[in-house]
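>>> the following comprises the amino acid sequence and a computationally predicted model.
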Amino acid sequence: MPSSTPYRPPRKLGPAFRFIVVVMIPLLRVLMKRDWRGGEHIPETGGVVIAANHISHVDALAFGHYVYGNGRIPRFLAKSGVFKNKFVGSVLRAAKQIPVYRDSADAANALRDAIAAVNEGQAVAMYPEGTISRDPGLWPMAAKSGAARIALATGCPVVPVAQWGAQEILAYHERKPHLLPRKRMIMLAGPPVDLDDLRGRPQTAETVREATERIMDAITELLANVRGQEPPAVRYLPAIENDNGEADQGAAGAAVRWDADGESGKQVESA
């Protein structure tokens with residue numbers, strides 16, 4: 001199916017992001033077929049959170065291309081490990097991408113920086129799950145609360161996005177990418193999640209949890225539409241992971257409920 005969303009990249013780019021575009025866009029065009037839908041739901045201006053499901057180590061490229069192709073420069077919340085390479089890290093920081101240092105004193109800085117970016121009228125792109133889905137069917141897992149907290153703190157819209165196809169290039173447990181034949185990247189955005197009744201309330205754990213569930217429900221519904229399948233009745237609960245995406249010692253096989261602050265997990269039951 002041809003893409004139903006017109007390609008309308010932003011005109012004004014900083015030097016660092018322009019460098020990323022010059023390097024990455026030609027490569028993405030060679031490796032990924034675009035099947036983009038729902039781009040009209042991404043606002044042309046103003047602060048916004050664009051929240052997607054996470055299915056592959058390479059899906060950030062497809063997601064970022066989609067946001068860029070719909071007229072916005074994405075500011076990703078990304079695991080700090082991505083920034084460890086000196087050259088890559090310097091480019092990402094210059095492009096104003098936001099590192100997330102989990103389980104450290106700097107963990108709250110990512111939320112602070114994301115709120116500041118939205119208040120400046122920028123588009124923050126993020127994965128509410130915080131890591132690649134461990135659900136056996138690659139359905140969205142239980143999420144952290146960052147997207148909800150940013151939306152409730154700023155009043156900005158949250159645009160849900162379902163993506164499908166990147167897992168065919170590089171699945172979570174694989175090391176070798178499958179580049180040919182070219183894979184189709186389906187990206188489907190939906191209307192902003194309705195959080196209006198929650199915005200005037202205090203940011204209690206219950207309010208944040210309700211907002212988080214609505215965001216994940218919207219993403220899951222879009223993904224079910226893309227896949228033509230019914231999602232599980234209950235979302236998968238991931239094990240606690242460290243900053244390298246590996247299960248922490250003693251946490252493997254444990255179901256986790258993330259605290260309302262979105263920064264740390266508590267083991268609640270064994271699988």
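Noted; the coordinates are in hand. Note that this is a predicted model, so its numbers are computed, not measured.

>>> and the gap between the residue nearest the centre of the chain and residue 4?
Nearest to the geometric centre of the chain sits residue 127, at 2.3 Å (CA atoms, centre = their mean). Using CB to CB, to the nearest Å, residue 127 is found at 24 Å from residue 4. From N, CA and C alone the C-beta is placed, and that goes for glycine too.

>>> ok, the residue nearest to the centre of the chain touching residue 50?
No. Under the criterion of CB atoms under 8 Å, residue 127 makes no contact with residue 50, lying 10.4 Å away.

>>> scan the chain for its longest helix.
In the chain, assigned by DSSP state H, the helix with the most residues is helix 205-227.

>>> show me where the stretch 151-271 of the chain has helices.
196-199, 205-227 (DSSP state H, counting those that start in this stretch).

>>> before we move on, the earlier item: not counting sequence-adjacent ones, nearest residue to the residue nearest to the centre of the chain?
Distances taken as CB to CB, 6 or more residues apart in numbering put residue 54 closest to residue 127, at 4.1 Å, once the chain neighbours are dropped.

>>> who's in contact with that neighbour?
Residues near residue 54 by CB atoms under 8 Å, 6 or more residues apart in numbering: 127, 129-133.

>>> name the helix or strand for it, please.
If you go by DSSP states H and E, residue 54 is not part of any helix or strand.

>>> I'd like to know how far it sits from residue 129.
5 Å.

>>> try residue 218
Here the criterion is CB to CB. By it, residue 218 lies 14 Å from residue 129.

>>> so the two - more neighbours on which side?
Between residue 218 and residue 129, residue 129 has the larger neighbour count (other CB atoms under 10 Å), namely 26 against 22.

>>> tell me which of the helices of the stretch 151-271 of the chain sits nearest to residue 159.
Nearest to residue 159 among these is helix 205-227 (9.1 Å), distances taken as CB to CB.

>>> if we can go back for a sec, per-residue confidence at the residue nearest to the centre of the chain?
If you check residue 127, the pLDDT there is 95.
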